[in-house]
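S.K.: Got a sequence here, can you model it:
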Amino acid sequence: MKKQQWIGVVLVVLVLGFSLTGWYCAKKDNKVLKVSSKFQQQDFSLSFDSTQVATFYAKYTKLVLYKTQVVTLYQKSQYNFIWYDKKGRKETAEVIYNKMNNLFEEGVQAKVPYKDILDGLFQKTSSKPNVDVELFLTNYYFYYTNKVLQGIDDTKVEELGWYLPRKKLSYVQYLDSLLVDPKLIDNKEQLIGQYYKLKTVLQKYRAIEQNGGWTAIITPDDFKQLKPNDSSDLVMQIRSRLFLTSDIETDSKSAVYDESLQQAILKYKQRNGFSADKIILPKHIAEMNVSISDRIKTIMVNMERCRWISTDLTKAKEFIVVNIPSYRLTYFKEGKAALVSNVVVGTSLNETVIFSGMMSYIVFSPYWNVPTSIKNKEILPAIKKNPNYLAKHNMEWNGNNIRQKPGPNNSLGLVKFLFPNSNNIYLHDTPAKSLFSQEKRAFSHGCIRVEKPKELANLILQDDPNWTPEKIDAAMSGGKEKWHTLKNQIPVYIGYFTAWVDDEGTINFHKDIYERDNALAMLLLEE
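M.R.: Prediction:
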């Protein structure tokens, strides 16, 4: 073969070889590209375009309330997906979704906006991130924390006359912890213990409602009362009614007002604020006839009030709680109730304010400095009718004001407990002891009269060696005003709860004496 021909053949072979190699590599590269493309479909981006947030809210306008918190959260995370990772949707996403499906368990009755849309999307997007699902979950996270953990906003709460300090917590920061441990959402230390007790009772009452609730007890037109050992069809109705709420263990169907029903009546009266006797009157029947739906509403309203209370309250070494509707003061020390006392609170025209303060002083044998409103409306007109009115009531002029001198008949009694506040409300003794035996004890001008003031003073000062019980007695009856500054101030909380679960797990209902429940219930339904 000639040299030129041989070179040509070699060139052809080389060209073909390169062509074949190129064809093979192209095939191989195509295979690689296909594999790479498949991998890219699985290895999705973990962030999204920030402009999609505005698009979302333009479409789902009812969620704009949470926009500020949502934007803050995503700016912090540089618009990375929160509810997805490379494996797909996170466990925390499932937790939030389940919580939104069971809001009724938390006493939340509001209709969740766009929930049906999320339901449809949620079933289709378990592995690949979806921006709408992502933003729905974030909005619903804030919806949940707002409805369940925080409650209605401060402005509305104050419009309802509630001035106790609200708990403060950043739910943007809280989410960081929740993403690490989703179980934190069920931590029962997020709200005060009373919330979870009410939640348990709520489930019980809802079960009663689902089983038909209770029917109204029908009384004869001439019904006046039932006494122990009376026999009547009415007794059978009462027995069945109290069986539903566990006031009596068994429903014997007996028409005789026997011992078992008598004990049940005592229990029922105690937890509904009635005097502890065994006589059944029309007012007791009327209370039993409050519908199950109304009882559920009352429980939900008071769960909402629990959301407003800081959990720091129960961490204090000692504190005092006054619940206005139950007319009761409880002094807690080292986490236990050291004293429970009946109280008298303000009338509906002179409502006791819902607020808190720090008890700083105890005043023994106090003067009563008559408020200007009482002086003008009551004292001055009385003086015009009787010039000896002041002397008769152990009062005197103090400049342009009037005060009552210390003594057993002083309107403040023998001791008062001061926690300085702009409402001029304090705790005090009273000479009108008979009022404490009344079922309804809203008689004051706003201050709180305490049935056991001496016991309260002794407990507050029991760790102070300078104050023995004998010295306290002497100071209270000394007839000369004596101030004592507490070494450690004591938090005092004046609250308003018309439903309360005691340490035995028993629900107590109290009259809505200032008619505040319905206004709050309407707000919750609007939400």
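
S.K.: now the helices for the stretch 51-200 of the chain?
M.R.: 51-59, 67-76, 91-101, 115-124, 131-144, 154-159, 171-180, 193-210 (DSSP state H, counting those that start in this stretch).

S.K.: Tell me if Ser360 really is in a strand.
M.R.: Yes: Ser360: assigned to a strand according to DSSP: H, G, I helix; E, B strand; the rest coil.

S.K.: Who's the closest spatial neighbour of it, skipping the chain neighbours?
M.R.: Nearest residue to Ser360 in three dimensions, chain neighbours excluded: Gln489, at 5.3 Å (C-beta to C-beta, 6 or more residues apart in numbering). C-beta here means a position set from N, CA and C on the backbone, and glycine is covered the same way.

S.K.: Toward the C-terminus, what is the element adjacent to the helix or strand where the one you found lies?
M.R.: Counting by DSSP states H and E, the element that carries Gln489 is strand 482-495. Counting by DSSP H and E, the next helix or strand C-terminal to strand 482-495 is strand 499-501.

S.K.: Direction included, what does the next helix or strand after that following strand pair up with?
M.R.: With elements assigned by DSSP H and E, the helix or strand that comes after strand 499-501 is strand 507-509. Here strand 507-509 has these sheet partners by DSSP bridges: strand 499-501 (antiparallel).

S.K.: In the strand holding Gln489, which residues are buried?
M.R.: Across strand 482-495, burial judged by 16 or more other C-beta atoms under 10 Å covers His484, Leu486, Ile490, Pro491, Val492, Tyr493, Ile494, Gly495.

S.K.: so which of the helices of the stretch 51-200 of the chain is the most packed in?
M.R.: Ranked by mean neighbour count, the helices of the stretch 51-200 of the chain are led by helix 131-144 with a mean of 23 (mean count of other C-beta atoms under 10 Å).

S.K.: Could you list every helix and strand that that one packs against?
M.R.: Helices and strands in packing contact with helix 131-144 are listed as helix 51-59, helix 67-76, helix 91-101, helix 115-124, helix 171-180; criterion 3 or more C-beta pairs under 8 Å, 6 or more residues apart in numbering; DSSP states H and E.

S.K.: can you rerun that using 7 Å?
M.R.: Judged by 3 or more C-beta pairs under 7 Å, 6 or more residues apart in numbering; DSSP states H and E, helix 131-144 is in contact with helix 51-59, helix 67-76, helix 91-101, helix 115-124.

S.K.: Also compute the angle for the third one relative to helix 115-124, please.
M.R.: Angle between the axes of helix 91-101 and helix 115-124 is 150 degrees (criterion: axes from the mean of the first three to the mean of the last three C-alpha atoms, to 10 degrees).

S.K.: hey, C-alpha coordinates of helix 91-101 in PDB?
M.R.: Output of helix 91-101 as PDB, limited to C-alpha atoms (Å, rounded to 0.1, in the frame of the first residue of the first chain):
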ATOM      1  CA  GLU A  91     -42.900  15.900  61.800                       C
ATOM      2  CA  THR A  92     -43.600  19.400  63.100                       C
ATOM      3  CA  ALA A  93     -45.800  20.100  60.100                       C
ATOM      4  CA  GLU A  94     -47.900  17.100  60.900                       C
ATOM      5  CA  VAL A  95     -48.100  18.300  64.500                       C
ATOM      6  CA  ILE A  96     -49.400  21.700  63.500                       C
ATOM      7  CA  TYR A  97     -51.800  20.300  61.000                       C
ATOM      8  CA  ASN A  98     -53.300  17.900  63.600                       C
ATOM      9  CA  LYS A  99     -53.600  20.700  66.200                       C
ATOM     10  CA  MET A 100     -55.600  22.700  63.700                       C
ATOM     11  CA  ASN A 101     -57.900  19.800  63.200                       C
END
